[in-house]
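Q: got a sequence here, can you build the structure:
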Amino acid sequence: MSPLILALLAFISVAALGGALAPSIFGSGAKVEKRISSLKGNMREREREKRGLRSKENRRKAIQEVLEEHAKKNKKKRLTLKERIFQAGMTISKGAFIRNSIIGGVILFFILFILEAPIWFALIMSLSLSYVGAMWFLNFKKKKYQAKYLDELPNAVEAIVRGIKSGMPLNDSIKIVAKDVKEPVRSEFARVVEQQAIGKGMAEAVKVLYDRVPLPEVNFLVVVIAVQEQSGGNLAEALQNLARVLRDRKKMKAKVKAMASEAKASAGIIGSLPFVVAILVSIASPGYLNPLFESPAGHLWLAIGGVMLLMGGYIMNKMIQFDY
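A: Residues are numbered from 1 along each chain as shown. Now for the predicted structure:
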């Protein structure tokens, strides 16, 4: 092979090698920098995603810890008489309540004794009034207090939301609620302000709301505020959703009450029939029902009839109760 051909092949090889290396050395610097910057951008984005996941995980753990703490504290337990009186919104002391219950039982006993009812019957009825009647009265007052509380709670929550959206701290928003909303919510939020005044944190102070009114709606309010204090979050949005849910439940309650009105009327008519029939029979035939009140067998059948009447009323009342 001639030297000229060898020189030409060598030139072609060098030119090819130079063409392969030149872009990486001279011509592709911008592409390399672009590639490096894109890799750095991807790394930053991944780092932000990791930070977001870590923050979400921390928030999830905080929510889980708060919920577990509330679940342990709010686990169903047997309430004492003092706690029942407290949850019923009454200010009477435990001793005064027991005294009034005993006085009511004694008065009923003397009334039945004067009417010449059997001693055992008067004793049973007076004891029933002293205990069963007192517990029924407490449950009645508790339900009435809770219903009144739930009627006003959405207004209080919306007032807190407006305060937070306007830039006010949560403490000041709660103070406004403690001054402006209606009872009984005003007094309960005033107790939260008092708890803060003695040095307790917000998450610990709002727990007194659930101690007084142990309802799921109040528990959710307490959990939201506790989680927001521990891990942050959009408190205004969460409370606004709670207010909307409370108003929707109030509308549902009114609809259920309207739908159950016919059943309540039927239950009232059926429950009053024995007394109406007894009065009409006594008017038409005086003395016809005397064996029921004068003989031991009549007393027994009266007691059985009363128990059956109470059981029927209880069953009909349960049939018209709805969960919503």
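
Q: in the stretch 101-250 of the chain, which spans are helices?
A: All helices of the stretch 101-250 of the chain, identified by DSSP state H, counting those that start in this stretch, fall at 119-128, 134-165, 170-180, 185-197, 202-205, 207-212, 216-231, 235-259.

Q: which stretch among these comes nearest residue 305?
A: helix 119-128 (13.2 Å; CB to CB). C-betas here are computed from N, CA, C, even on glycine.

Q: and the angle for the closest one with helix 134-165?
A: If you take axes from the mean of the first three to the mean of the last three CA atoms, to 10 degrees, helix 119-128 sits at 10 degrees to helix 134-165.

Q: okay, the helices of the stretch 101-250 of the chain in a markdown table with mean pLDDT next?
A: Putting these into a markdown table (pLDDT from 0 to 100) gives the following:
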| stretch | mean pLDDT |
| --- | --- |
| helix 119-128 | 82 |
| helix 134-165 | 87 |
| helix 170-180 | 84 |
| helix 185-197 | 85 |
| helix 202-205 | 79 |
| helix 207-212 | 84 |
| helix 216-231 | 80 |
| helix 235-259 | 82 |
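
Q: possible to save these as a markdown table with distance to residue 286 and mean neighbour count?
A: Listed next are the helices of the stretch 101-250 of the chain as a markdown table, based on distance: least, CB to CB, whole Å; neighbours: other CB atoms under 10 Å:
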| stretch | distance to residue 286 | mean neighbour count |
| --- | --- | --- |
| helix 119-128 | 23 | 15 |
| helix 134-165 | 35 | 18 |
| helix 170-180 | 63 | 17 |
| helix 185-197 | 56 | 17 |
| helix 202-205 | 67 | 18 |
| helix 207-212 | 54 | 19 |
| helix 216-231 | 56 | 19 |
| helix 235-259 | 42 | 15 |
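
Q: wait, which of those is closest to residue 91?
A: helix 185-197 (10.6 Å).

Q: what residue ranges in the stretch 1-150 of the chain are flagged as low confidence?
A: Scanning the stretch 1-150 of the chain with the threshold set as pLDDT under 70 gives 1-77.

Q: format the helices of the stretch 101-250 of the chain as CSV; extra columns: distance to residue 291.
A: Putting those into CSV (distance: least, CB to CB, whole Å) gives the following:
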stretch, distance to residue 291
helix 119-128, 16
helix 134-165, 32
helix 170-180, 63
helix 185-197, 56
helix 202-205, 65
helix 207-212, 52
helix 216-231, 53
helix 235-259, 43
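
Q: any idea which of these gets closest to residue 83?
A: Using CB to CB, the nearest of the helices of the stretch 101-250 of the chain to residue 83 is helix 207-212, at 8.6 Å.

Q: please name the nearest non-neighbouring residue to residue 193.
A: The shortest distance from residue 193 to any non-neighbouring residue, by CB to CB, 6 or more residues apart in numbering, is to residue 178 (5.1 Å).

Q: just checking, that neighbour touches residue 195?
A: No. Under the criterion of CB atoms under 8 Å, residue 178 is not in contact with residue 195, lying 11.4 Å apart.

Q: and residue 309, what is it in contact with?
A: 271, 274 (CB atoms under 8 Å, 6 or more residues apart in numbering).

Q: what does residue 105 give?
A: Here residue 105 is in contact with 126-127, 129-130 (criterion: CB under 8 Å, 6+ apart).

Q: and the gap between it and residue 269?
A: 31 Å (CB to CB, to the nearest Å).

Q: now swap in residue 287 and tell me
A: From residue 287 to residue 269 the distance is 28 Å (CB to CB).

Q: do you know the pLDDT at residue 234?
A: For residue 234, the model assigns a pLDDT of 74.

Q: okay, now it: neighbour count?
A: 10 (other CB atoms under 10 Å).

Q: and it, how far from residue 96?
A: Residue 234 is 47 Å from residue 96, by CB to CB.

Q: try residue 112
A: Counting by CB to CB - residue 112 and residue 96 are separated by 25 Å.

Q: and if you look at residue 89?
A: 15 Å.

Q: next one: residue 202
A: With CB to CB as the criterion, residue 202 and residue 96 are 34 Å apart.

Q: perfect, that will be all.
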